[in-house]
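Undergrad: give the three-dimensional model of this entry:
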Amino acid sequence: MPAVSKGDGMRGLAVFISDIRNCKSKEAEIKRINKELANIRSKFKGDKALDGYSKKKYVCKLLFIFLLGHDIDFGHMEAVNLLSSNKYTEKQIGYLFISVLVNSNSELIRLINNAIKNDLASRNPTFMCLALHCIANVGSREMGEAFAADIPRILVAGDSMDSVKQSAALCLLRLYKASPDLVPMGEWTARVVHLLNDQHMGVVTAAVSLITCLCKKNPDDFKTCISLAVSRLSRIVSSASTDLQDYTYYFVPAPWLSVKLLRLLQCYPPPEDAAVKGRLVECLETVLNKAQEPPKSKKVQHSNAKNAILFETISLIIHYDSEPNLLVRACNQLGQFLQHRETNLRYLALESMCMLASSEFSHEAVKTHIDTVINALKTERDVSVRQRAADLLYAMCDRSNAKQIVSEMLRYLETADYAIREEIVLKVAILAEKYAVDYSWYVDTILNLIRIAGDYVSEEVWYRVLQIVTNRDDVQGYAAKTVFEALQAPACHENMVKVGGYILGEFGNLIAGDPRSSPPVQFSLLHSKFHLCSVATRALLLSTYIKFINLFPETKATIQGVLRAGSQLRNADVELQQRAVEYLTLSSVASTDVLATVLEEMPPFPERESSILAKLKRKKGPGAGSALDDGRRDPSSNDINGGVEPTPSTVSTPSPSADLLGLRAAPPPAAPPAPASAGNLLVDVFSDGPPAQPSLGPTPEQAFLSELEPPAPESPMALLADPAPAADPGPEDIGPPIPEADDLLNKFVCKNNGVLFENQLLQIGVKSEFRQNLGRMYLFYGNKTSVQFQNFSPTVVHPGDLQTQLAVQTKRVAAQVDGGAQVQQVLNIECLRDFLTPPLLSVRFRYGGAPQSLTLKLPVTINKFFQPTEMAAQDFFQRWKQLSLPLQEAQKIFKANHPMDAEVTKAKLLGFGSALLDNVDPNPENFVGAGIIQTKALQVGCLLRLEPNAQAQMYRLTLRTSKEPVSRHLCELLAQQF
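TA: Residues are numbered from 1 along each chain as shown. Just a heads-up that it's a prediction; the model follows:
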């Protein structure tokens with residue numbers, strides 16, 4: 001920018017500032033300000049026209065008064081007038097005032113936009129930069145609409161000066177962050193990538209910031225930036241500090257640009273081009289080598305810049321997770337920082353090693369530092385560093401060191417900061433369950449948790465131990481004995497009473513043979529805690545008492561006396577009163593056989609993924625690191641009770657969205673599971689595996705569904721039990737579906753569960769089940785940000801005549817969705833007659849004050865109402881001939897878009913809904929299927945034949961149905977899956 005000449009000094013402003021500083025009190029300051037405001041107002045309203053200097057001076061005074069914290073309600077027009085000046089200082093003050101004081105909704109925005117437009121067209125680089133800075137500072141949507149098309153043109157214009165390109169890139173970045181939909185993607189996107197080759201390092205730095213933001217939403221459009229970024233990074237890393245003298249910071253060449261380039265590369269997988277990948281690996285090795293060199297300066301700025309590049313390099317190595325040598329070297333380098341005298345370096349080293357621990361290549365190298373990490377957990381002064389040490393211990397834990405790590409974390413828990421105790425409890429509970437050498441050790445560990453930090457043991461933890469004890473016959477006796485001994489302590493936490501009450505009520509008979517734990521002693525011990533407990537615990541103990549009457553008839557009289565006491569029968573709490581009355585009556589009137597049937601031992605709980613891990617993810621919030629998402633498969637791990645661990649295919653740095661969904665807590669153990677049967681289809685469909693068998697690891701898209709178990713309807717019509725549909729907007733009230741809506745819909749043609757949509761703000765998951773012409777769909781809306789969504793309103797819209805073909809009833813959801821939280825919406829669906837177009841899902845909400853909306857296609861297609869039909873070969877061909885009219889057949893020959901795998905093809909056809917018929921087609925390579933589409937009005941029979949040609953990589957698909965539109969539509973739907 002040009003220097004301000006001596007004549008531009010504003011003496012009046014200097015005197016005013018001096019007067020303000022010399023004020024002895026707040027009242028004197030306000031008095032002086034009011035006097036000055038009156039003077040400025042009179043000058044602006046006077047008959048005499050002010051020159052540019054005077055306007056500039058008075059506007060500066062108003063700006064200074066505003067910065068002191070006083071409201072300014074005039075002078076805006078004078079500031080706008082300064083924009084038309086040809087003097088730099090006057091124009092600069094005008095833009096400064098507008099950037100600070102003008103609201104984005106001001107009536108003056110149009111005048112300001114005209115002035116900005118004139119400056120952008122002036123080709124004066126100084127004025128263009130001022131205008132671009134103003135656009136970025138105000139950043140209103142109206143400004144974005146006015147200039148979003150012009151700024152890219154200025155950015156890639158060949159005659160734009162370097163300073164203008166810098167400003168244009170940063171201005172475009174600001175507008176894109178504020179309103180991504182306003183920035184058009186066009187031919188300039190390819191040209192902006194080539195700014196990475198610009199001679200001016202400032203332009204390159206600004207361009208990298210812009211490209212990094214743009215490629216997160218449109219990665220394919222900017223894929224060419226990878227080779228250019230690697231090339232530029234290579235030149236910087238291999239250069240001496242004297243080569244980039246203007247951009248060398250304390251002997252480190254271009255540290256900010258290096259960090260930005262490394263972050264840009266983290267937006268993409270490793271380069272496919274071997275030459276580019278080799279050059280990048282060479283760069284990363286060079287950075288690791290330079291980190292070992294003696295420092296060239298003792299200044300802290302030198303080490304900060306050097307370490308910033310090093311840590312970003314390690315982040316890229318972890319992101320790629322494909323170079324074992326680099327991963328181990330990175331781990332060794334971080335190990336040197338674990339005992340560094342600088343606290344921030346120790347924190348960053350622990351945080352980075354947490355991510356390294358999730359890689360199969362570097363996990364063993366991380367484990368070598370276990371003693372140093374345990375020492376950090378014990379001795380670190382900073383609580384945040386101790387928390388990172390606990391995270392690293394959790395991440396590096398496996399079967400070989402589980403006992404050591406759990407014992408150290410339990411020891412630390414006794415003196416841990418209150419802020420992180422709950423998180424430590426959850427981690428100990430997860431590790432104890434996952435790597436249990438034997439179940440008695442697991443029970444001891446959880447009871448120790450309750451003893452040491454009972455206030456921080458959440459329901460998920462003690463629910464889980466009850467589930468495991470109930471499901472394991474070999475540990476029930478030990479658990480009863482151990483919890484009985486724990487209850488004998490004078491000070492016993494209420495959570496211990498809950499666990500003890502449940503376990504003794506179920507398995508107390510296993511220790512009743514010992515006189516020291518005879519039935520009367522067990523009852524007396526539990527009842528001594530009764531009056532000290534909360535209402536919920538007392539209710540559980542009353543259930544234990546009635547179980548005792550069944551297990552130990554000799555305690556019947558004593559327990560009936562307790563139930564008959566006035567404090568129970570006339571209890572102010574209705575739950576306790578009802579239990580006491582019902583249990584007393586049950587024990588009095590029921591025969592021994594009836595009592596034994598009603599109070600029989602709880603059946604094993606359904607095997608499902610532990611909800612404790614979900615609880616820990618929820619506590620960590622959005623963006624939780626890979627220490628929580630076990631991307632590493634430990635073959636020696638022992639998952640108790642069918643706990644789930646991801647498969648090796650998930651060994652990559654997890655996305656921030658991984659911890660949003662699937663956070664539903666497990667149900668209380670007092671509720672017995674519903675038995676699986678043909679009349680309980682929802683439970684069958686929605687459970688993660690067959691009852692009483694370990695469940696398989698979910699796919700990444702289905703992980704959030706692992707905890708849900710919706711209520712089971714008693715009959716098909718129970719699916720439509722809620723008759724309160726929400727008022728839907730008409731199709732004309734919503735925008736068109738997003739461009740990728742069809743692709744998202746196609747993902748669900750052959751499956752019912754998964755992630756329907758995801759962006760930076762929102763994740764939408766789907767879980768659905770269909771039977772005959774009815775269906776129920778659960779939509780899960782996850783807020784991926786830390787900011788609350790306001791006016792959240794998802795609605796289902798029926799385009800065209802769909803209302804007469806498909807009935808969809810929805811339940812309303814909460815209008816606010818907290819950051820990191822998830823809400824669920826239930827949809828009841830009835831197919832009235834065959835349909836071709838799916839309903840639309842319109843989601844509207846406000847995020848940070850800005851309205852957001854998107855329209856998707858709901859994954860409800862006609863094949864969802866398929867009823868598989870088994871038939872013999874003779875019946876199939878007879879029916880095939882009956883459907884021989886030209887309009888009843890649809891055929892398509894198409895090229896395979898995916899590898900031709902027979903098992904995958906079979907799975908897709910089954911997911912499509914038809915039954916696969918064996919030994920029907922003479923060619924065993926072909927697939928034959930049959931089914932009936934169930935609608936309320938009629939049934940549509942359907943036969944299909946899929947003929948793969950592996951040599952030509954082609955398919956021929958033939959469908960015959962009793963209705964022509966259905967044949968064509970099903971043929972199109974199914975062909976897109978192969």
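Undergrad: by mean pLDDT, point me to the weakest helix or strand of this structure.
TA: Sorting the helices and strands of the chain by mean pLDDT, DSSP states H and E puts helix 681-686 at the bottom, at a mean of 28.
Undergrad: let me see the contact set for residue 273.
TA: Neighbouring residues of residue 273 by Cβ atoms under 8 Å, 6 or more residues apart in numbering: residue 227. For every residue, glycine as well, the C-beta is placed using N, CA and C.
Undergrad: any idea how far it is from residue 260?
TA: 22 Å (Cβ to Cβ, to the nearest Å).
Undergrad: now do residue 875
TA: Counting by Cβ to Cβ, the gap from residue 875 to residue 260 is 67 Å.
Undergrad: equivalent analysis for residue 301, please.
TA: Distance, residue 301 to residue 260, by Cβ to Cβ: 18 Å.
Undergrad: pick out whichever of the two has more residues nearby.
TA: residue 260 (22 against 13; other Cβ atoms under 10 Å).
Undergrad: show the pLDDT at the more buried one.
TA: pLDDT recorded at residue 260 is 92.
Undergrad: show the contacting residues for it.
TA: 205, 208-209, 212.
Undergrad: residue 478 too?
TA: Neighbouring residues of residue 478 by Cβ under 8 Å, 6+ apart: 439-440, 443.
Undergrad: need the worst-confidence member of those residues.
TA: residue 439 (83).
Undergrad: which residue is the nearest non-sequential neighbour of it?
TA: residue 475 (3.8 Å; Cβ to Cβ, 6 or more residues apart in numbering).
Undergrad: pretty sure the one you found sits against residue 443.
TA: Yes. The criterion here is Cβ atoms under 8 Å, and residue 475 meets it with residue 443 at 6.3 Å.
Undergrad: common neighbours of those two, please.
TA: residue 469.
Undergrad: who has more neighbours out of those two?
TA: Higher neighbour count among residue 475 and residue 443: residue 443, with 26 against 21, using other Cβ under 10 Å.
Undergrad: got the phi/psi numbers for that one?
TA: phi -60, psi -40 (degrees, to the nearest 10).
Undergrad: run through the stretch 501-650 of the chain and note the low-pLDDT ranges.
TA: For the stretch 501-650 of the chain, the stretches flagged by pLDDT under 70 are 607-650.
Undergrad: in it, which spans are helices?
TA: 519-530, 535-551, 556-564, 566-569, 574-589, 592-598, 611-620 (DSSP state H, counting those that start in this stretch).
Undergrad: OK, contacts around residue 543?
TA: 501, 505, 579, 583, 670.
Undergrad: try it again with 10 Å
TA: The contact partners of residue 543, by Cβ atoms under 10 Å, 6 or more residues apart in numbering, come to 501-502, 505, 579, 583, 599, 670.
Undergrad: and of the helices of the stretch 501-650 of the chain, who's closest to residue 27?
TA: helix 611-620 (50.1 Å; Cβ to Cβ).
Undergrad: tell me which stretches of the stretch 851-978 of the chain form strands.
TA: 866-868, 889-895, 915-916, 927-934, 939-949, 954-961 (DSSP state E, counting those that start in this stretch).
Undergrad: how much does the last one deviate in direction from strand 939-949?
TA: The one in question is strand 954-961. 170 degrees (axes from the mean of the first three to the mean of the last three Cα atoms, to 10 degrees).
Undergrad: which strands and helices sit next to strand 954-961?
TA: In terms of contacts (3 or more Cβ pairs under 10 Å, 6 or more residues apart in numbering; DSSP states H and E), strand 954-961 is packed against helix 873-882, strand 889-895, strand 927-934, strand 939-949, helix 964-975.
Undergrad: again, only this time at 7 Å
TA: strand 889-895, strand 939-949, helix 964-975 (3 or more Cβ pairs under 7 Å, 6 or more residues apart in numbering; DSSP states H and E).
Undergrad: adjacent strands (with direction) for that strand?
TA: strand 889-895 (antiparallel), strand 939-949 (antiparallel) (DSSP bridges).
Undergrad: now the ones you listed in CSV, with mean neighbour count, distance to residue 189 and mean pLDDT?
TA: Shown next, in CSV, are these (neighbours: other Cβ atoms under 10 Å; distance: least, Cβ to Cβ, whole Å; pLDDT from 0 to 100):
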stretch, mean neighbour count, distance to residue 189, mean pLDDT
strand 889-895, 14, 30, 88
strand 939-949, 20, 39, 89
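Undergrad: of these, which is nearest residue 560?
TA: Nearest to residue 560, of the strands paired with strand 954-961 and by Cβ to Cβ, is strand 939-949 at 59.5 Å.
Undergrad: tell me, how many neighbours does residue 153 end up with?
TA: 13.
Undergrad: no no, residue 278
TA: 12.
Undergrad: just want the phi and psi numbers for it.
TA: The phi/psi pair for residue 278 (degrees, to the nearest 10) is phi -60, psi -40.
Undergrad: now do it against residue 327, distance only.
TA: 17 Å.
Undergrad: again with residue 803
TA: 57 Å.
Undergrad: pick out whichever of these two has more residues nearby.
TA: residue 327 (23 against 14).
Undergrad: what sits against the more buried one?
TA: 317, 356, 359, 361-362 (Cβ atoms under 7 Å, 6 or more residues apart in numbering).
Undergrad: make CSV out of the contacts of residue 478 and add distance to residue 171.
TA: Listed next are the contacts of residue 478 as CSV, based on distance: Cβ to Cβ, whole Å:
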residue, distance to residue 171
439, 63
440, 66
443, 62
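Undergrad: now, which of those sits nearest residue 26?
TA: Once Cβ to Cβ is applied, the member of the contacts of residue 478 that ends up nearest residue 26 is residue 443, at 66.2 Å.
Undergrad: who's in contact with the residue nearest to the closest one when sequence neighbours are not counted?
TA: Closest residue in space to residue 443, ignoring its immediate chain neighbours: residue 479 at 5.0 Å, by Cβ to Cβ, 6+ apart. When contacts are counted by Cβ under 7 Å, 6+ apart, residue 479 touches 443, 469, 503, 507.
Undergrad: kindly recompute the last result at 6 Å.
TA: Contacts of residue 479 were listed using Cβ atoms under 6 Å, 6 or more residues apart in numbering, and they are 443, 469, 503.
Undergrad: model confidence for the closest residue to the second one other than its chain neighbours, exactly?
TA: Put plainly, it is residue 469. Distances taken as Cβ to Cβ, 6+ apart put residue 479 closest to residue 469, at 4.6 Å, once the chain neighbours are dropped. For residue 479, the pLDDT comes out at 91.
Undergrad: distance of residue 479 from residue 549?
TA: 22 Å.
Undergrad: okay, now the unreliable bits of this structure?
TA: Across the chain (using pLDDT under 70), the flagged ranges come out as 1-9, 47, 104-105, 241-243, 245, 607-733.
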